[in-house]
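Novice: Model the structure of this input:
(2 chains)
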Amino acid sequence: MADPDILIRARGLTKVFGDFTAVDGIDFQLSRGEVFGFLGPNGAGKSSTMRMIGCVSPRSGGELTILGLDPSKDGPAIRARLGVVPQEDTLDVELTVQENLLVYGRYFGLRRDVIRERSTKLLDFVQLTERADDEVEPLSGGMKRRLTIARSLISEPEILLLDEPTTGLDPQARHVVWDRLYRLKQQGVTLVLTTHYMDEAEQLCDRLVVMDRGKIAAEGSPRQLIETYSTPEVLELRFALDEQEQAAEKLADVTAERTEVLADRILLYTGDGEAMLDAVRARGLEPATSLVRRSTLEDVFLRLTGRRLED
Amino acid sequence: MALPVAGQSLRSQSYAVRQFRFWLTNYRRTWRGTIYSGVLNPVLYLGAMGLGLGTLVDKHGTSSLGGVSYLAFLAPGLLAASAMQTAMGESTYPVYGSVKWLKTYQAAIASPLRPTDLFHGHLLWTTARLVMNSVVFLAVMAAFGAIQSAWAIACLPAAVLTGMAFATPIEAYAMTCTKDTSFAMLFRFGIIPLFLFSGTFFPISQLPAYVRPLAYITPLWHGVALCRTLSLGTAQLGGSAVHVGYLVLVTALGIVAGNRTYVRRLYA
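Specialist: Residues are numbered from 1 along each chain as shown, chains lettered A, B, ... in the order given. As a prediction, this is how the structure comes out:
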């Protein structure tokens, strides 16, 4: 590979299960040091893509080069340089926290003293030092996730793959995980993550692709995507249920750049939300609640696919 | 982060051995219970069947057993049957649980290890368990005075091989299972009939002629015959070679099958 800073390169990458195409000819590349995200709803093909990158799922078509190597030939050599945080917890709940790290370090051929030294640092990093000798079973979901992250780092990987790292966690536990991932990012670790949480993507990703039905719908930094596919502000209006339809009709001719009528609210895309709200009121409409907010990746996704992310 | 080269073990350690070491770590939690059952099992069986029932059998004469005491006849058969049971235990729930319940196999294949490394690592572990249990069993046999020949020492590899002839195909099968009830069926309709009718408790010459060929194709009958002739000192080179050859063949077929089922299950 010409450029040593391109860590992953995919061209026309495809994954087919029977007659279902999970990943439909996608192109992307990952550079050293960046945090790259796959954003999309469940079933968009994110996990299938991650499994192909993780060299545990042979590709059905296209090209994939990871660290300059071919996953279909050099799986073990590539995996030796990857860290993986899978979507489902795969910890050995019958072993202790420390033993999980020991067993996993052994898989990478690390010496016992090296594992012990790294475990101490990693458990401190994920705030589990006090639980080192406890069994994994009784740990909370957030603790298990953090332990999984520590486990994935035991081999000091060049790329860390995280498949839906905070799915299923309560908000507080999620913020702790985000904080740890943000620190890794600042340490210069290359991260690839999938998520269907737009706030996760916005906070962590330098660059991301929006995936839908196995295809890439758009690519860019969160800011670029929002600038390209949405307006600076969004006015969200809620009306009483029986009034929403009427209100939508009356709003048809307001000068919003775009209007989305959802089941429970109406979104008006505009450069100036407050001015738009004045215009709405000038038509004699009084929404039950109104909210002016900045555009998010959720709006980008809605624009690109006509659907919402977290349904 | 830095390249992991500096911390990597310089000893070249095969991937399968890395997985074997996992099972060893895992065993540290359960070894006490297995030692207990490893000793108790042969003591109870040899006591109740060999001595208790054996007294009755011996009174009626044992010419159909080759003129040896029932205990001496039974013990090596039980050794082989017990290897089969150990193999069954190791090749079903621990393997199935690793892919279905704990998902530690899915974690392991994200490391450099391949599905076949997990398979071979677990086979190494099963071999180790078979050696442990068979050594204990032989020691109990010796304590009961059930060994008649120095050739009995060769019962150890014979019993281990018998176990492996079950371990490899059962483990290959376990990787295809989606419900653990499959194992209860296998136990009920496979292992128990084999245990009872493969010559462990009585010579298969006592079986009706038309079911005898069934016994000849089961690995257990070959294992029982091999262990028994070694323990009694009546082993013939030709017969033993056939038994060993058959057990090796079944073991090898199981490995070929398992290499496929492991990859199919874990690399979707």
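Novice: Can you check what pLDDT the model gives residue A:286?
Specialist: Residue A:286 carries a pLDDT value of 88.
Novice: And for residue A:1?
Specialist: On the pLDDT scale, residue A:1 gets 47.
Novice: any low-confidence regions in chain A?
Specialist: Scanning chain A with the threshold set as pLDDT under 70 gives A:1-2, A:310-311.
Novice: and the longest helix for it?
Specialist: Secondary structure assigned by DSSP state H gives helix A:171-186 as the longest helix of chain A.
Novice: ok, and for stretch B:193-210, which residues are buried?
Specialist: B:194-195, B:197-202, B:204, B:207 (16 or more other C-beta atoms under 10 Å in any protein chain shown). To be clear about C-beta, it is placed using only N, CA and C from the backbone, and glycine gets the same treatment.
Novice: Kindly report the same for stretch A:216-230.
Specialist: A:216-220, A:222, A:225-226, A:229-230.
Novice: returning to that earlier point: intersect the buried residues of stretch B:193-210 with the contacts of chain A.
Specialist: Residues of those in contact with chain A (C-beta under 8 Å from any C-beta of the partner chain): none.
Novice: any idea which of those is closest to chain A?
Specialist: Nearest to chain A among those, counting by C-beta to the nearest C-beta, is residue B:195 at 29.6 Å.
Novice: What sits closest to the closest residue to chain B within the stretch 201-311 of chain A if chain neighbours are left out?
Specialist: Closest residue of the stretch 201-311 of chain A to chain B, C-beta to the nearest C-beta: residue A:214 (15.9 Å). Counting by C-beta to C-beta, 6 or more residues apart in numbering or on different chains, the nearest residue to residue A:214 once its immediate chain neighbours are dropped is residue A:24, at 3.6 Å.
Novice: Count the neighbours of the one you found for me.
Specialist: Other residues near residue A:24 number 18, with proximity taken as other C-beta atoms under 10 Å in any protein chain shown.
Novice: In this structure it contacts residue A:217, no?
Specialist: No. Using C-beta atoms under 8 Å, residue A:24 is not in contact with residue A:217, being 11.4 Å away.
Novice: which outside residues touch stretch A:78-87?
Specialist: With C-beta atoms under 8 Å, 6 or more residues apart in numbering or on different chains as the test, stretch A:78-87 has contacts from A:47, A:53-55, A:66-67, A:69, A:71, A:108, A:145, A:148-149, A:152-155, A:157-165, A:167, B:3-4, B:106-107, B:110-112.
Novice: at 6 Å instead, please
Specialist: Residues from elsewhere that reach stretch A:78-87 (C-beta atoms under 6 Å, 6 or more residues apart in numbering or on different chains): A:54-55, A:66-67, A:69, A:71, A:148-149, A:152-153, A:157-165, B:110, B:112.
Novice: Could you turn the buried ones of these into a PyMOL selection?
Specialist: Command for PyMOL, covering only those of the contacts of stretch A:78-87 found buried under the criterion 16+ other C-beta under 10 Å:
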select buried, (chain A and resi 54+55+66+67+69+71+148+149+152+153+157+158+159+160+161+162+163+164+165) or (chain B and resi 110+112)
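Novice: What about the contacts of stretch A:78-87, which are in helices?
Specialist: Short answer: the contacts of stretch A:78-87 in helices (DSSP H) are A:71, A:148-149, A:152-153.
Novice: Point to the helix or strand of chain B where mean pLDDT is at its lowest.
Specialist: In chain B, the helix or strand scored least confidently by mean pLDDT, DSSP states H and E is helix B:212-217, which has a mean of 89.
Novice: Quick check, pLDDT for residue B:173.
Specialist: 98.
Novice: residues near it, how many?
Specialist: 20.
Novice: Please report the distance of it from residue A:171.
Specialist: From residue B:173 across to residue A:171, the span is 45 Å (C-beta to C-beta, to the nearest Å).
Novice: circling back to that earlier point, could you check whether the following helix or strand past the longest helix of chain A is close to chain B?
Specialist: Following helix A:171-186 in sequence order, the next helix or strand is strand A:190-195 (DSSP states H and E). No. Strand A:190-195 stays clear of chain B (C-beta under 6 Å from any C-beta of the partner chain), getting no nearer than 9.0 Å.
Novice: How far does strand A:190-195 sit from its chain's centre?
Specialist: 6 Å (C-alpha atoms, centre = their mean, to the nearest Å).
Novice: Right, I'll call it a day here.
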